[in-house]
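Trainee: The sequence and its predicted three-dimensional model are supplied below.
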Amino acid sequence: MNASLPVGINPSPKTPYRPTQQAHHNSPRMTLATFAVLIRQAFLQSTVFRANYLIGLLSDLLFVYLSIQVWTVLYSNQILESGPTTIQLITYVTLARIVAPVDMEFVQNMQQRVLSGEIAGELIKPIPLSWFLLAQEVGRYISRLLLRVLPIALLVFFTISLSVPDSPIYILLFVVSIILSFIIMFSINYITALAAFWITQLFSINVLKGQTVRLLSGILVPLWFFPAAALPVIELLPFASIAFVPIQLFLEEISIVKACYSLALQLAWGIIIWQIGRWMWSRAVRQLSINGG
Amino acid sequence: MHALQLYYKSMLLQMKRSRQYRFNFYMGIFGVIILYGTQFIALRITLAYFGEVVSWDMYELAFLYGLWMLTYGVLITVFAGVRDFAGFIHRGEFDVFLIRPHGILWQVMCGRLELTSWSHIGVSTGIIAWASMHMDFTWSLNKVVEFTGIIVGGALIQGGLLLLWAALSFWIIQTGNFVNLGWTINANYMTYPLTVYDTGIRYLFTLFPMAFITYYPAATFLGRTDSWGYQLGMYSPLVGLAFFLLMYGFWRFAARFYQSAG
């Protein structure tokens, strides 16, 4: 298994490995192959702690089960002409609980690395930090989709019931939306992590991020049940596209035109937040001072 | 006596530290308020839409939420060390506890005082006061005594939970997931009346007594005689004590399996 290859070594046999002199040049060598290796490493790493994985899976399963019960009971007293069906609600609650990676692992690590000065090492690596972290998180996200979301969704599908899209267009739109949702979520986490350059405790900022996302993306409460006056504003914010938009596409609840509009909005937010992250990074590096060494 | 002195001294040290890092201290309080405030807003949005949950209205649910937050706040003031217990084992610091001439649990408790928990207590007291203003009962002496019993019982159950996770950390490396599991169940699911769940889940959280933190005592306290198993609420202080002692015993037992990382 070449998963233990040190980072930065080009695994492709066709292009020979060049000594690190090039690494100090300002054009970073971020080939697709490097990216793939990083993704693979993160994926394999996330499967190492079996017990941890199992606990996480069982917890999520319990949360999904409890959520389904709460929401079906709440919804059973409600007579609505235009609202979602019970099965759609069950699908929503199940996916909302598991699909979006709200808290990413690197945020807390970042604080440690800034405080200890290890972050200096990142500045001389041949790959920009943001891409390195992105690759890692892609790996973890793939493992999450395969090993957590899929088993739980299948289990709910066979034991309770789940509404599944049958139009290929919606499936495609859902996939695109999930990717954009991941990019937005990564960028928000990246910005949060970069706050470590200015403050010494990320706990509160991280909580603020997590809870804002959970509330305004419709993870805690589906956005259908928000006050009608607040909805137009909430739908414009980047958070709605983290959970509400992809799940609505999965439920085939919005028209194709509206879906395209939502995806365009998602893309715009993705780019904006990513750019904010880049800008913060350049500021952070400029004001960084590391003792010793 | 000496133990109390020790605790007092460690408390002074922690206070001094929080005064050194004043910004972090206020940020911590801000974080706690955001964390619980958002959960509460979510509850309010839900209730504003649906009106009630299995005939429990907004104020009764707010009372449930306040109970969970208050018991957790009271407990975490002294038990933050137990919450972060897995860290002691990772870093190999548990060895130090074993060679010092004091009870291990006491040392763990002295090691960390969570001063930000004053925000838990403050916010939850506010929520309970607000809720009780909208419900028809008066705070008589009887009620105050009963309420104190509920809080003590709930806090002991919360403590038992944290001891259980701490005990498991002797075998499992990462117990952060467990702490998270307990917290999420409390914050997201036990703040609804137990009657929204099916019978299996009701028995599960009765035997594993998480429903004794909020649902049962609230059903008794608010006189909801129509609620499933409301009489059980009377026993919540006893259940709390029993659960705490049981988990303390288990934790002591688990500590025998400790193998130093060093």
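Mentor: Received it, and whenever you're ready, just let me know what you need.

Trainee: Tell me the residue of chain A that sits nearest chain B?
Mentor: residue A:204 (3.1 Å; CB to the nearest CB). C-beta: built from backbone N, CA, C; applies to glycine.

Trainee: Am I right that that residue falls within a strand?
Mentor: No. Counting by DSSP: H, G, I helix; E, B strand; the rest coil, residue A:204 is not part of a strand but helix.

Trainee: That one contacts residue B:33, correct?
Mentor: No. Assessed by CB atoms under 8 Å, residue A:204 is found out of contact with residue B:33, at 9.4 Å.

Trainee: Pick out whichever of these two has more residues nearby.
Mentor: Counted by other CB atoms under 10 Å in any protein chain shown, residue A:204 and residue B:33 do not tie: residue A:204 has more neighbours, with 22 against 17.

Trainee: For the more buried one, which non-adjacent residue is closest in space?
Mentor: Excluding the flanking residues, the one nearest residue A:204 by CB to CB, 6 or more residues apart in numbering or on different chains is residue B:31, at 3.1 Å.

Trainee: Can you report how many residues lie near that neighbour?
Mentor: Residue B:31, neighbours per other CB under 10 Å, totals 22.

Trainee: Could I get the contacting residues of it?
Mentor: A:203-208, B:116 (CB atoms under 8 Å, 6 or more residues apart in numbering or on different chains).

Trainee: And the pLDDT for it?
Mentor: Listed pLDDT for residue B:31 reads 90.

Trainee: host element of the residue of the stretch 1-150 of chain B found nearest chain A?
Mentor: Nearest residue of the stretch 1-150 of chain B to chain A: residue B:31, at 3.1 Å (CB to the nearest CB). Using DSSP states H and E, residue B:31 maps to helix B:22-50.

Trainee: pLDDT on the helix or strand just after that helix, on average?
Mentor: Using DSSP H and E, the helix or strand that follows helix B:22-50 in sequence is strand B:52-53. Averaging pLDDT along strand B:52-53 yields 84.

Trainee: for strand B:52-53, packing partners?
Mentor: helix A:50-76 (3 or more CB pairs under 8 Å, 6 or more residues apart in numbering or on different chains; DSSP states H and E).

Trainee: so how far is the helix it packs on from its chain's centroid?
Mentor: 20 Å (CA atoms, centre = their mean, to the nearest Å).

Trainee: Would you mark the buried spots in it?
Mentor: Of the residues in helix A:50-76, those buried by neighbour count under the rule 16 or more other CB atoms under 10 Å in any protein chain shown are A:52-53, A:55-57, A:59-75.

Trainee: which of the residues in the lengthiest helix in chain A are buried?
Mentor: Taking DSSP state H as the criterion, chain A has its longest helix at helix A:256-287. Neighbour-count burial for helix A:256-287, counted by 16+ other CB under 10 Å, picks out A:259, A:262-263, A:265-267, A:269-270, A:273-274, A:277, A:280-281, A:284.

Trainee: just stretch A:134-151 next, same as before
Mentor: For stretch A:134-151, the neighbour count (16+ other CB under 10 Å) marks A:134-141, A:143-145, A:147-149 as buried.

Trainee: So which of the residues you listed belong to helices?
Mentor: Reading helices off these with DSSP H, I get A:134-141, A:143-144.

Trainee: pretty sure residue A:248 is touching residue A:258, no?
Mentor: No. With contacts counted by CB under 8 Å, residue A:248 stays clear of residue A:258, the gap being 9.1 Å.

Trainee: The spatially most central residue of chain B: what's it in contact with?
Mentor: Centroid check for chain B by CA atoms, centre = their mean gives residue B:72 as the closest residue, at 2.7 Å. Residue B:72 makes contact with B:120, B:155, B:158, B:186, according to CB under 8 Å, 6+ apart.

Trainee: Adding pLDDT and distance to chain A as columns, could you present those in CSV?
Mentor: Output for the contacts of residue B:72, formatted as CSV (pLDDT from 0 to 100; distance: CB to the nearest CB, whole Å):
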residue, pLDDT, distance to chain A
B:120, 91, 13
B:155, 95, 23
B:158, 94, 18
B:186, 92, 12
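
Trainee: Select from the residues you listed every entry located in strands.
Mentor: Among these, the subset assigned to strands under DSSP state E is empty.

Trainee: Just among the residues you listed, which is most surrounded?
Mentor: residue B:158 (27 neighbours).

Trainee: Now do the same contact list for the nearest residue to it once chain neighbours are set aside.
Mentor: Excluding the flanking residues, the one nearest residue B:158 by CB to CB, 6+ apart is residue B:75, at 4.4 Å. By CB under 8 Å, 6+ apart, the contact set of residue B:75 is B:155-156, B:158-159, B:162.

Trainee: Now, these that are in helices?
Mentor: In helices, defined here by DSSP H, the members of the contacts of residue B:75 are B:155-156, B:158-159, B:162.

Trainee: Of those residues, which is the nearest to residue A:120?
Mentor: residue B:162 (37.3 Å; CB to CB).

Trainee: Count the neighbours of residue A:101 for me.
Mentor: So residue A:101, with other CB under 10 Å, has 18 neighbours.

Trainee: Now for it: which residues touch it?
Mentor: Taking CB under 8 Å, 6+ apart as the test, what residue A:101 contacts is A:137, A:140-141, A:144, A:182, A:185.

Trainee: and it, which of the three is it?
Mentor: Applying three-state DSSP: residue A:101 is coil.

Trainee: For it, give its distance to residue A:51.
Mentor: Distance, residue A:101 to residue A:51, by CB to CB, to the nearest Å: 21 Å.

Trainee: Give the burial count for residue B:8, as a bare number.
Mentor: The number of residues packed around residue B:8, counting by other CB under 10 Å, is 11.

Trainee: what does the model give residue 126 for pLDDT?
Mentor: All of this refers to chain A. 79.

Trainee: if you could check chain B rather than the one you did, that'd help
Mentor: At residue B:126, the pLDDT value in this model is 94.

Trainee: What is the three-state secondary structure of it?
Mentor: Look at residue B:126: counting by three-state DSSP, its state is helix.

Trainee: Count the neighbours of it for me.
Mentor: Neighbours of residue B:126 under the rule other CB under 10 Å: 11.

Trainee: Quick one: residues contacting it.
Mentor: Contacts of residue B:126 (CB under 8 Å, 6+ apart): none.

Trainee: Any part of stretch B:192-212 near chain A?
Mentor: Yes. With CB under 8 Å from any CB of the partner chain as the criterion, chain A is reached by stretch B:192-212 at B:192, B:196-198, B:201.

Trainee: List buried residues within the residues you listed.
Mentor: Applying 16+ other CB under 10 Å to these flags B:192, B:196-197, B:201 as buried.

Trainee: Let's have those in CSV, adding distance to residue B:167 and secondary structure.
Mentor: Listed next are those as CSV, based on distance: CB to CB, whole Å; DSSP: H, G, I helix; E, B strand; the rest coil:
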residue, distance to residue B:167, secondary structure
B:192, 29, coil
B:196, 31, helix
B:197, 27, coil
B:201, 24, helix
